[in-house]
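Q: Just need the structure, nothing else, for what follows:
(one chain, ligands or ions: 1)
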Amino acid sequence: MIMVKKLDTTAPIIHQPPYQITYAERIPVVHIFRNAVASLYSNKGKGKPLYNSLCNFAELLFQSRNYLAAECGVYKGNCLIACAEIAREYGLPVHIYGLDTFSGLPELSETDKLYAIKTVLKKNSEMFSDTSVSEVQQKIEAKDLSKYISLVPGLFQDTLSTLPDKKYFFVNIDCDLYEPHLECLEFFYSRMESGGIIFFDDYHSVEFPMAKVAIDQFMDGRQEQLFHLRFGEEAANHTKAFIVKY
Ligand SMILES: C[S@@+](CC[C@H](N)C(=O)[O-])C[C@H]1O[C@@H](n2cnc3c(N)ncnc32)[C@H](O)[C@@H]1O
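A: Residues are numbered from 1 along each chain as shown. Sure thing, here's the model as predicted:
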């Protein structure tokens, strides 16, 4: 029997180092986003980039005006808001698109049903439904972050095509299910900057193993390798994965 510690998804993430162990499950994405933004900032001559691969893409990006990012699976917006706050700290014109139904997970597909654990099969339509686009928008406005974030409500299959057909430097895919992962990868993979990051929150998910199935299927035969990252001790859902686009 797999033991899963319940994460308080309503608590805002303290996104500044020193990171708190309480937020262990959410620190990797915030940390990698911070590194990506810090690398852009460093390229302005205020320090040394952390990764050479990011250095080249930072040079490219500084020739354009906006640095685009996206989160696929926003729920209550905690991670999205933490990332926007980081962008503001660095004074960079980052814009993050936050895509979600804002009414909970869609119906499980036949593939999802093959892999989902019992609790997910039972609770499917209730999961992540205790949110709304207006609730998240209010939080964004209360933090004066409107110029950094656009919420895009609806199913990915309808909303991805409405996003700018431009290059993205960071995408967090945190949508649990099989087909939604493929839809997001199909849209964003070719639109990533060289050196841009696609972060996979659910690659090691205990509840949603279909995320790994979709990611492995999409990445099969592609050059990029997955990096795996954990903050704190080994525990269910603590390890995350990401790729750096060639
Ligand atoms: C784990 S939650 C996201 C958590 C969030 N990133 C955070 O930091 O708290 C997963 C979200 O993915 C969304 N989602 C899953 N499949 C979707 C789809 N096909 N279209 C839109 N949203 C989807 C769900 O509505 C749910 O809110």
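Q: what residues are up against Phe208?
A: By C-beta atoms under 8 Å, 6 or more residues apart in numbering, the residues touching Phe208 are Tyr115, Ala116, Val120, Asp176, Leu177, Asp202. C-beta coordinates here come from the backbone N, C-alpha and C atoms, glycine included.
Q: Wasn't it part of a helix?
A: No: counting by DSSP: H, G, I helix; E, B strand; the rest coil, Phe208 is not part of a helix but coil.
Q: quick revisit: list, out of the contacts of Phe208, those positioned next to the ligand.
A: Near the ligand, judged by C-beta under 6 Å from any ligand atom, the entries from the contacts of Phe208 are Asp176, Leu177.
Q: May I see the contacts of Phe208 organised as a markdown table, with neighbour count, secondary structure and pLDDT added?
A: Converted to a markdown table, the contacts of Phe208 look like this (neighbours: other C-beta atoms under 10 Å; DSSP: H, G, I helix; E, B strand; the rest coil; pLDDT from 0 to 100):
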| residue | neighbour count | secondary structure | pLDDT |
| --- | --- | --- | --- |
| Tyr115 | 18 | helix | 96 |
| Ala116 | 20 | coil | 93 |
| Val120 | 21 | helix | 92 |
| Asp176 | 23 | coil | 97 |
| Leu177 | 26 | coil | 98 |
| Asp202 | 24 | coil | 98 |
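Q: For the residue nearest to Thr159 when sequence neighbours are not counted, the count of nearby residues, please.
A: Counting by C-beta to C-beta, 6 or more residues apart in numbering, Val152 is the residue found nearest to Thr159 once chain neighbours are left out, at 4.8 Å. Other residues within reach of Val152, judged by other C-beta atoms under 10 Å, total 20.
Q: partners of the helix or strand encompassing Val152 in the sheet?
A: Taking DSSP states H and E as the definition, Val152 sits inside strand 149-153. Applying DSSP bridges, strand 149-153 is found paired with strand 94-100 (parallel).
Q: that older thread, buried sites along the strand holding Val152?
A: Within strand 149-153, the residues that qualify as buried are Ile149, Leu151, Val152, Pro153, counting by 16 or more other C-beta atoms under 10 Å.
Q: name the helices or strands packed onto the helix or strand that comes right after it?
A: Using DSSP H and E, the helix or strand that follows strand 149-153 in sequence is helix 156-159. If you count contacts as 3 or more C-beta pairs under 8 Å, 6 or more residues apart in numbering; DSSP states H and E, helix 156-159 packs onto helix 178-188.
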